[in-house]
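**Student:** Quick one, fold the following:
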Amino acid sequence: MEKNSKIRSTALDALSGNWGTAVLLMVVYYVCSMIVVYSLTGVLSAFSQTMGMLGNLSSILLLPMFFALYAAFLRFRRKEEAGVQTLFAFYKNQKVWALELLKYIYIILWTLLLIIPGIVKAYSYAMSEYILYDNPNIGADDAIKRSMEMMKGKKLKLFLLDLSFIGWFILAMLTFGIGLLLLVPYLYTARAAFYEDLKAELASQATENVGYQPQPDVRNTAAEPQRETQNVMPEQQRFEPQRRDDTPSYDRTPY
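**Tutor:** As a prediction, this is how the structure comes out:
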């Protein structure tokens, strides 16, 4: 795979000419998030015992839009168009709901054990959105399984890619979060570039494995019959000893 610096460079190149749309996507996403949160706050304010569910409910309602961000920035990486309508394109897709809910539940359950296993599993499932987007006929659980297979030995590399944005994140926080409108598209597009690079690597490995056919040693196999022919003795010589004329001769001339 490419170095993380190269992946980031690829992401910047993909966003060239698309920064305006990318920022607009993030603005719409954040506005929708605030609307959902404030709406739930008004509905649940009368039930103090349920206020703790506010964050979880708002996150669940935004899951298809979260998937849409993956799809939009993957399209940017592929030099394809994406717009605000992309954010609302997956709300009727049951497989998208199933995928995001399964990921949400799995990661929470793993995190309940320990924080580290939850983080590891989050990186194992990191490619599932891209896989389902590219393969809409498969199921949500199958997309997760394929992601786990793809990410074997690659989780640390993706973690380091995310970690390389820590400096940009600190700067974004100094702008009271406004910088996130630029940072999040950059990060998501870099992840999309990571997926494309990983997919190409796995496809190349599969092609090499299918195309490899060991060739027989023609030289040795051709020489072997000759060697056997040279060492073989005639059957009569091997099993019939040569006759020696040891019988005494008698003069049969009549007396």
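**Student:** Quickly find the element holding the closest residue to Ser128 other than its chain neighbours.
**Tutor:** Nearest non-adjacent residue to Ser128, counting by Cβ to Cβ, 6 or more residues apart in numbering: Ser147, 4.0 Å away. Every residue, glycine included, has its C-beta placed from N, CA and C. Following DSSP states H and E, one finds Ser147 within helix 140-150.
**Student:** ditto for Ile116
**Tutor:** Take DSSP H and E as the rule and Ile116 turns out to sit in helix 115-124.
**Student:** Go ahead and flag the most central residue of the protein.
**Tutor:** The residue lying closest to the centre of the chain (Cα atoms, centre = their mean) is Met150, at 3.2 Å.
**Student:** Return the distance of that one relative to Phe176.
**Tutor:** Distance, Met150 to Phe176, by Cβ to Cβ, to the nearest Å: 37 Å.
**Student:** which element follows the helix holding Ile116 toward the C-terminus?
**Tutor:** On the C-terminal side of helix 115-124, the nearest following helix or strand under DSSP H and E is helix 128-134.
**Student:** how far is that next one from where the chain is centred?
**Tutor:** Chain-centre distance of helix 128-134: 10 Å, with Cα atoms, centre = their mean, to the nearest Å.
**Student:** just checking, what packs against that helix?
**Tutor:** On a contact count with 3 or more Cβ pairs under 8 Å, 6 or more residues apart in numbering; DSSP states H and E, helix 128-134 meets helix 63-77, helix 94-113, helix 140-150.
**Student:** Report the mean confidence score over the first one.
**Tutor:** Helix 63-77 shows a mean pLDDT of 96 in the predicted model.
**Student:** Just list what that helix packs against, helices and strands only.
**Tutor:** helix 4-15, helix 19-44, helix 94-113, helix 128-134, helix 180-211.
**Student:** Could you list the buried residues of stretch 79-90?
**Tutor:** 82, 86-87, 89-90 (16 or more other Cβ atoms under 10 Å).
**Student:** Stretch 192-208 too?
**Tutor:** Buried, per 16+ other Cβ under 10 Å, within stretch 192-208: 192-198.
**Student:** Below-threshold pLDDT in the chain: ranges please.
**Tutor:** Counting by pLDDT under 70, the low-confidence segments of the chain come to 40-56, 210-255.
**Student:** about what we covered before: tell me which of the helices and strands packed on helix 63-77 sits most buried.
**Tutor:** With neighbours taken as mean count of other Cβ atoms under 10 Å, the helices and strands packed on helix 63-77 reach their highest mean count in helix 128-134, at a mean of 23.
**Student:** for the helix or strand harbouring Phe159, the distance to its chain's centre please.
**Tutor:** Taking DSSP H and E as the definition, Phe159 sits inside helix 155-163. Its chain's C-alpha centre and that of helix 155-163 lie 13 Å apart, by Cα atoms, centre = their mean.
**Student:** Show the subsequent helix or strand relative to that helix.
**Tutor:** Counting by DSSP H and E, what follows helix 155-163 is helix 166-174.
**Student:** Show me what that following helix is packed up against.
**Tutor:** Counting by 3+ Cβ pairs under 8 Å, 6+ apart, helix 166-174 packs on helix 180-211.
**Student:** Quick one: distance of the helix it packs on to the chain centre.
**Tutor:** For helix 180-211, the distance to the chain centre is 8 Å (Cα atoms, centre = their mean).
**Student:** Packing partners of that helix?
**Tutor:** Secondary elements touching helix 180-211 (3+ Cβ pairs under 8 Å, 6+ apart): helix 4-15, helix 19-44, helix 63-77, helix 140-150, helix 155-163, helix 166-174.
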